[in-house]
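Student: quick one, structure for this:
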Amino acid sequence: MAFPRCLLFASLSCLLFSRLTLGDIDPPAPCVVVVAATGEHGKPLDTPDVPVVGKLHDAIAHPAVVRVGQRPRAVCLQGGVHHLAAPVVLSGAALSGVTVRPLTPQDPGSLAAGNQGDVARPPPVLTSTVRIPSSTCSTSGRLVSCPLPSAASNVQGPSHMTVYSATMAPRLLPARWPFARNEYRTVRSSQYTRPGLFRVTLSAASLPAALLVPGVQLGAEWFPLHSWVNLLGTAVTAQATPAERSKGLAAFHLLCPGPVAAMCTNTSNHLVINVGARVALLHHPSLLLGEAHDGRLCDDDTIHWTLSSNGTELLLDASPSTGQVLVSTNASLLKLHNVQNVVIKDTVFTGTTFQAAGYQEGFNVQATSPGMPHDAAVHVNGSQHVLVSGCSMAYTGGGGITVYNSHDVNITNSTFRHMGQSGIMLPGNDTTQSTRVVVSECTMSWVGEILASAAGILASSVSDAEFAGNHVYHGSRWGIAVRSNVGALSLRNHIHHNVIKHVGLRTRDLGGISLIGQGYTGTVIEDNCVRDVQGHDTDSTGALLTPFFTWSIYLDNWASGFTVRRNILSGNVRGGVFFHGGSDNIVENNILHNASNFQSPGQVAFGTMNGRPGFNNSFVRNVVVFPVSGFASDNTTFLSSYHYARLNTSMLVSDSNLVFKRGTRLEGLPNLTPKGPLAQWQEAGQDRHSLFDVDPLLANPAAGDFHMDPASPAFTKLKFQPLDPVIGRHCGDLPDA
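Tutor: Have a look, this model is predicted:
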């Protein structure tokens, strides 16, 4: 599958993306109202029997739609852009049974709407953006100034605004320092002042002179050292001491965002702003042009933007070629509240702001809990039997879809690209968690571009869910993450046939598939491909650490009752699987390949959580292949007991595995196991039936082909079960970006 690189709003027939699949629900609900695209409502649509309205809000309120108990009926969207001044809300029994879908050639009015024969039909695009007329902008040198639309006044300042160009890669970057995307300066010294406030110093090299003057306020983004989150807060320039200036340092006060200000203390673990933290300064006119910028566009000629000091003008460091600039005005586009049997089909959602500021307290056990960022273009709340099919969500400030306290929700055949937060998020507690949610055949790429604690699919609490056949790649943190919390267990979920690759690009301490469950969960993870989970951090000197601190599958924080089988886990950092204090986990019939073992040796790791080990875990009938070249290829530890030296068979049983490193005889090496050489490990009751130094006869893992020759000893001697043929031969294959 290929995703054409389209220009936002410039060519709607090409826009977002190739998953539009009209007609997969047969028969489609009949149109009772047609919504004309923005600017098109004056055109006759030749619909003598179907009313035409100019706004989706009007359609939802139309008497033909608002009917309790009526048979299925559709609000049909004309292809093109639909600008929403506020989120559209479907709420209550009177709007149950409604389908929102595109107008098709079979519908009334389709010929007059330009949907004739084989003529390409643009999809309907829902967006909160408003255009800034080029005629209202003025230019001074390379600096472009445009009056900010009044509709943008409800956005929480520039740090939560998103700005787009009609003809470039859609979401423009905020003015920042350092100027290059994904570049940060590290904190050189840090002083805790009070909750929510730290004084820090940064290297002043290339810093605009205007930001050396005390009292200047601007935005800031930072990653606390050894954390897995980033925050958007405020920076105020401070007076540097003579000693600091002599070292080429500038001083700033960093103010944590309001929701977490009380948590940002010198003992707050993952929120403390300490030496080595990564910082970028944002949203000040001096960051657009000047000596530091050298009069040139940076970061591959991307246009940058900020607001004027009084917040009334949008400033850009170059003019888009068409002069068309768009500003988003709302964090969500569509809300489903207490409805049933609603279908959303073949529609594009783009151009939203966001409200979250980064990591907050807790893990979203309530819809309004401060927790992991969970803004979304579409919210499903208190609803049942909802289908989202063939939709495309891209270039949002928040995420794609949030599902809360809802049941029998099916999200399928949809794309989520360039999300500011997670693709799909499922918050809840033991009484409000969603159940029977299916996410299938979706593609999530470049998620977490603004707030990094994000995943393709992130569940705070969900039960009886199925996540199947999805591709997740190029993500800031997890591929798929399912948590359980006190009072909010996630039970009986099934995660299978997903391909996850190149995630963990902005954070550390994660798994491509990450699981937490402090009780028997009964969840099965099978037939997945998890490859090249990266990890990203800095040390206290500011040195970049990547790849760093990741596993393929992370059984975290007492995760218990998971079955992990028939997965391919390749090219990750600390190992294929980490048992972190949980019990009753079965890891069997997987291929663990080419983990670098950097920082913590072991293709497999067993550890405690707060000093407490788990029990009754098993690691059996797995194929483990060490890397022979590249990063940390000299490592030769098969299984490590991470932070725990007293591992025994009541905690973990390892047996009937095949372990191989080409060109190296592992059996007698002193660091092979927690007990030392293999013989001592076997004396402790472990791996007595395993095969060491035996080639599993993998086909071509470098090319993503992990199927094994039928003569492999894994089959003939260990009763290893064949992998799914598609996953086994195409692990790591991804859609064209």
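Student: can we go C-alpha only for contacts and neighbour counts from here?
Tutor: Noted.
Student: in the stretch 551-700 of the chain, which spans are helices?
Tutor: 678-683 (DSSP state H, counting those that start in this stretch).
Student: so where do the strands sit in the stretch 251-400 of the chain?
Tutor: In the stretch 251-400 of the chain, the segments counted as strands under DSSP state E, counting those that start in this stretch are 278-282, 304-307, 313-316, 325-328, 334-337, 340-345, 348-350, 376-381, 384-389, 392-396, 399-404.
Student: mind listing the helices for the stretch 51-200 of the chain?
Tutor: Applying DSSP H, counting those that start in this stretch to the stretch 51-200 of the chain gives helices spanning 56-60.
Student: returning to what we had before: quick one: closest of the strands of the stretch 251-400 of the chain to residue 256.
Tutor: Nearest of those to residue 256, taken as CA to CA: strand 278-282 at 12.5 Å.
Student: which strands and helices sit next to that closest one?
Tutor: Counting contacts by 3 or more CA pairs under 8 Å, 6 or more residues apart in numbering; DSSP states H and E, strand 278-282 is packed against strand 176-177, strand 185-186, strand 217-223.
Student: dump these to TSV, plus mean neighbour count.
Tutor: Output for those, formatted as TSV (neighbours: other CA atoms under 10 Å):
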stretch	mean neighbour count
strand 176-177	25
strand 185-186	24
strand 217-223	23
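Student: still on that earlier bit, can you lay out the strands of the stretch 251-400 of the chain as CSV showing distance to residue 498?
Tutor: Supplementary listing: the strands of the stretch 251-400 of the chain in CSV, determined by distance: least, CA to CA, whole Å:
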stretch, distance to residue 498
strand 278-282, 32
strand 304-307, 36
strand 313-316, 41
strand 325-328, 33
strand 334-337, 28
strand 340-345, 23
strand 348-350, 23
strand 376-381, 23
strand 384-389, 18
strand 392-396, 19
strand 399-404, 19
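Student: in JSON lines: those, plus mean neighbour count, mean pLDDT and distance to residue 246.
Tutor: Converted to JSON lines, the strands of the stretch 251-400 of the chain look like this (neighbours: other CA atoms under 10 Å; pLDDT from 0 to 100; distance: least, CA to CA, whole Å):
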{"stretch": "strand 278-282", "mean neighbour count": "24", "mean pLDDT": "94", "distance to residue 246": "21"}
{"stretch": "strand 304-307", "mean neighbour count": "26", "mean pLDDT": "88", "distance to residue 246": "31"}
{"stretch": "strand 313-316", "mean neighbour count": "23", "mean pLDDT": "89", "distance to residue 246": "34"}
{"stretch": "strand 325-328", "mean neighbour count": "25", "mean pLDDT": "88", "distance to residue 246": "42"}
{"stretch": "strand 334-337", "mean neighbour count": "21", "mean pLDDT": "97", "distance to residue 246": "54"}
{"stretch": "strand 340-345", "mean neighbour count": "22", "mean pLDDT": "96", "distance to residue 246": "61"}
{"stretch": "strand 348-350", "mean neighbour count": "26", "mean pLDDT": "95", "distance to residue 246": "48"}
{"stretch": "strand 376-381", "mean neighbour count": "25", "mean pLDDT": "96", "distance to residue 246": "47"}
{"stretch": "strand 384-389", "mean neighbour count": "22", "mean pLDDT": "98", "distance to residue 246": "59"}
{"stretch": "strand 392-396", "mean neighbour count": "29", "mean pLDDT": "94", "distance to residue 246": "43"}
{"stretch": "strand 399-404", "mean neighbour count": "29", "mean pLDDT": "95", "distance to residue 246": "44"}
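Student: of the helices and strands packed on strand 278-282, which shows the lowest average pLDDT?
Tutor: Mean pLDDT is lowest for strand 176-177 among those, at a mean of 90.
Student: that older thread, and the helices and strands packed on strand 278-282 as CSV, adding distance to residue 623?
Tutor: Listed next are the helices and strands packed on strand 278-282 as CSV, based on distance: least, CA to CA, whole Å:
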stretch, distance to residue 623
strand 176-177, 47
strand 185-186, 41
strand 217-223, 37
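Student: hmm, residue 417 is touching residue 445, no?
Tutor: Yes: with contact defined as CA atoms under 8 Å, residue 417 counts as touching residue 445 (4.9 Å).
Student: still on that earlier bit, and of the strands of the stretch 251-400 of the chain, who's closest to residue 625?
Tutor: Taking those one by one with CA to CA, strand 278-282 is closest: 35.3 Å.
Student: can I get the CA coordinates of the closest one in PDB?
Tutor: Taking Å, rounded to 0.1, in the frame of the first residue of the first chain, the C-alpha atoms of strand 278-282 are listed here in PDB:
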ATOM      1  CA  ARG A 278      16.500  18.300  26.900                       C
ATOM      2  CA  VAL A 279      15.100  21.800  26.400                       C
ATOM      3  CA  ALA A 280      13.900  23.800  23.400                       C
ATOM      4  CA  LEU A 281      12.600  27.400  23.500                       C
ATOM      5  CA  LEU A 282       9.500  28.200  21.500                       C
END
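Student: now that strand against strand 217-223, angle please.
Tutor: If you take axes from the mean of the first three to the mean of the last three CA atoms, to 10 degrees, strand 278-282 sits at 150 degrees to strand 217-223.
Student: neighbouring contacts of strand 278-282?
Tutor: Residues from elsewhere that reach strand 278-282 (CA atoms under 8 Å, 6 or more residues apart in numbering): 159, 174-178, 183-187, 218-225, 235, 538, 542.
Student: which residue ranges of the stretch 551-700 of the chain form strands?
Tutor: 560-565, 568-570, 575-580, 586-588, 591-593, 604-607, 617-620, 623-625, 639-642, 652-655, 658-660, 691-692, 698-700.
Student: show me what secondary structure element comes after the last one.
Tutor: What that stands for is strand 698-700. Note on strand 698-700: by DSSP states H and E, the next helix or strand toward the C-terminus is strand 705-708.
Student: can you list the strands that the lowest-mean-pLDDT helix or strand in the chain pairs with?
Tutor: Across the helices and strands of the chain, mean pLDDT, DSSP states H and E gives its lowest value to strand 639-642, namely a mean of 80. If you go by DSSP bridges, strand 639-642 pairs up with strand 604-607 (parallel).
Student: surely residue 330 meets residue 350?
Tutor: No: the criterion here is CA under 8 Å, and residue 330 misses it with residue 350 at 10.8 Å.
Student: quick one, which of the strands of the stretch 551-700 of the chain is nearest to residue 65?
Tutor: Residue 65 lies closest to strand 560-565 among the strands of the stretch 551-700 of the chain, at 45.3 Å (CA to CA).
Student: next, the angle from that closest one to strand 575-580.
Tutor: Using the same axes, to 10 degrees: strand 560-565 against strand 575-580 is 160 degrees.
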